[in-house]
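[1] Generate a structure from the sequence data that follows.
(one chain, ligands or ions: 1)
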Amino acid sequence: MKNSITLDDSSFGFYLILHDDGRDLIIESDAYYCGLAMTFGWSPCAKCRRSCKGASDGTISCDRRTAEKHIATAQEYLDAHIGKRVADPGYFKLISYPCNPDLIRALYTLAYEHHSGQWSRGYRLLCRVKRYAKRHQIDIDSETRTSRRLYMKIAARYGDKL
Ligand SMILES: [Zn+2]
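    Numbering: from 1, shown residues only. Presented below is the predicted three-dimensional model:
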C-alpha cells in the first residue's frame, strides 16, 4: 500500500491532508502551518537574506522574521501548492491490513447471502468477519469492483457449503 499524502484545502480556510488510503486530517491551527508547509517542500528561511541561519531558539522565529511572518509565508506556500503529493512523514499512523480489505468485504457478502441459519458455518463466518472488519476499520457495507469479483469467485465455489 502506498503511503503518501496530498494537500487539499478544506472549504473553511483550513488545510486538509488526504492519505492514499482515503483517510483525511484537517490542520486547523496555524501553529502547524509551518510544519505542514515544510512537509510539502517549503523552507522557512529560503527568502531571508543569506546571513540568516534560521531559528536558533527552538521556535520558527529567526533573526530576520518573526514567527507570524513565517506562518504567513508558509500559508502562501500552502495555498500555492494545493494538490501536491508527498511521502507521509507520519501524519497518519500506518494501518496494516493482515488481510486484503476487499477479500473481507467479499467474505462478508458471501456469508451474508449464503449462510443457512443461525447455527450454520456460514453464520459463524458472518459474525467472525464482522468482528474482524470492525477491529480493522474496514467498511464492509460498501462493495468495490474487486470485492464483487472476489465474491463471485468464492460464491461459485463455497456458496452452497455454508
Ligand atoms: Zn530567516
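
[2] Determine the three-state secondary structure at the residue lying farthest from the centre of the chain.
    Most distant from the centre of the chain: residue 51, at 39.5 Å, with distances by Cα atoms, centre = their mean. Classification of residue 51 by DSSP: H, G, I helix; E, B strand; the rest coil places it in coil.

[3] which residues sit in contact with it?
    By Cβ atoms under 8 Å, 6 or more residues apart in numbering, residue 51 lies in contact with residue 63. In this view, the C-beta of every residue, glycine as well, is placed from N, C-alpha and C.

[4] try 7 Å
    Residue 51 makes no contacts at all, as judged by Cβ atoms under 7 Å, 6 or more residues apart in numbering.

[5] how about the residues of this protein near the ion?
    Within the chain, the positions near the ion by Cβ under 5 Å from the ion are 45, 48, 52, 62, 64.

[6] Relative to the whole chain's centre, how far out is stretch 148-161?
    30 Å (Cα atoms, centre = their mean, to the nearest Å).

[7] Report the buried residues of it.
    By 16 or more other Cβ atoms under 10 Å, the buried positions in stretch 148-161 come out as 150, 151, 155, 158.

[8] Can you verify my assumption that residue 64 contacts residue 47?
    No - with contact defined as Cβ atoms under 7 Å, residue 64 and residue 47 do not form a contacting pair (9.0 Å).

[9] can you pull the buried residues of stretch 92-101?
    By 16+ other Cβ under 10 Å, the buried positions in stretch 92-101 come out as 92, 101.
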